[in-house]
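Peer 1: coords please:
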Amino acid sequence: MYETVTVDDALARGRRMVNYPVTVMLFLLVIASFLVVFLLQLPLWLLAVTVPSAIALPWLYWSFMITRWRLWAFENVRNVQELKKRAIKEKLIWADGKFFEKTEIRSFAEKEKWADLQSKFKVEDIFHDDYAIPPETKIYYSKTKSSWEVILGIGLFALGVYFFATNGLEMGACVCWIAGVVIAVVGYRQLKNRDAQITLSNEGVTTSELPFCGWGEISNEDARVVRIGRTHNTYFVYTCFTNENKISINELGVSQAGLEKLLRVYRGRFNRKNDNKNNQF
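Peer 2: Numbering: from 1, shown residues only. A predicted model of the protein is given here:
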C-alpha cells in the first residue's frame, strides 16, 4: 500500500469525481423535466414524476461513485482522521450513522475492504508542517468585503433618494435610507479598523475581544458553519479552559478552509514541540 496521496489531492479528486458531476446532473435534469412538460404541453401533474426522477438519478450516481472514491481515498491517504473530518465538511461523505450515509451502495467486496480500512483510524495522523505559514498570523477585516459594503450602502441610499424623488416620502425610501446608512457605516468602520481581529501563533490564540489563550488550554478549535433558516454564518470556535468562544469570520480576510489550515498547522507545531520536550525526559 503506497500512501502518497495528500488530503488536499484526495478531496480535489472527490469533488471532480462526485460533487461536480452530481451538481451538473441535478441542474440539467431538473431543467429538462420542466422543459419537457411545458414545451410538450403535458399535464402539470407529471412534474410530480419527472422532478423526483431528476433528483433520483444524480443520487443514484452519488451512491455508487462515493463508495469508489471513499475506498480509493482512505486506502491511499495516510492522515485518514483529517480526511474524514474535511470530507464531511465538504459534503463529500456524511457522518457515520446519518441517513444519507446509509444510502451509499457497496458490494460485499467493497464492504469487506472498508472494514479492513478501519484499522487505519487507530493510528494517529502524521503532522505535515507548512513552512510558508509564519510563526504568527494576524487576521484583519477584509478590505474588499468592507469596500463592497460601503458601495452597497451608498447605492441603497441613492435608491432611496430616487424613490423619494419619484413617489415622495414612502416606506420604500425610508427603508433604503436606513439600510444604506447602516451598511455603509458598518463597512466604513471595518475599512478603517487596522486592529487584528484574530491572531494565531505557534503559542496560542488572541482575538480583538478576548485575551491570549495558549494551545495547552485550548480544545475543540474549528471553523464551523452555523445555519439559521436560509442564512448561514462561519465562525471560529474554540474552548479556552471551560469557556466556549465564537467569533464570526464572515467579514474577515480568511476563508473557512484557510482558517482550518492555519489551525491545523499551529496546533500541530505546538503538539510537536510538546512531544519533543516529553521525549527528552
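
Peer 1: And the helices in the stretch 151-281 of the chain?
Peer 2: Taking DSSP state H, counting those that start in this stretch to define them, one finds helices in the stretch 151-281 of the chain at 171-192, 256-279.

Peer 1: which residues sit against the last one?
Peer 2: Outside of helix 256-279, the residues within contact range by C-beta atoms under 8 Å, 6 or more residues apart in numbering are 82, 86, 89, 127-130, 133, 137, 139, 200-204, 215-216, 221-223, 225, 234, 236, 249, 254. All C-beta atoms are positioned from the backbone trio N, CA, C, and that covers glycine.

Peer 1: if we can go back for a sec, out of the helices of the stretch 151-281 of the chain, which gets the lowest mean score?
Peer 2: With a mean of 88, helix 256-279 has the lowest mean pLDDT of the helices of the stretch 151-281 of the chain.

Peer 1: ok, for Ile139, nearest residue in space, not its chain neighbours?
Peer 2: Ile198 (4.2 Å; C-beta to C-beta, 6 or more residues apart in numbering).

Peer 1: What separation do you get for that neighbour and Ala158?
Peer 2: 34 Å (C-beta to C-beta, to the nearest Å).

Peer 1: between those two, who's got more neighbours?
Peer 2: Ile198 (20 against 13; other C-beta atoms under 10 Å).

Peer 1: which residues does the more buried one bridge with?
Peer 2: Per DSSP bridges, the residues bridged to Ile198 are Ile139, Thr207.

Peer 1: Is it correct that it is in contact with Phe236?
Peer 2: Yes - with contact defined as C-beta atoms under 8 Å, Ile198 and Phe236 form a contacting pair (6.3 Å).
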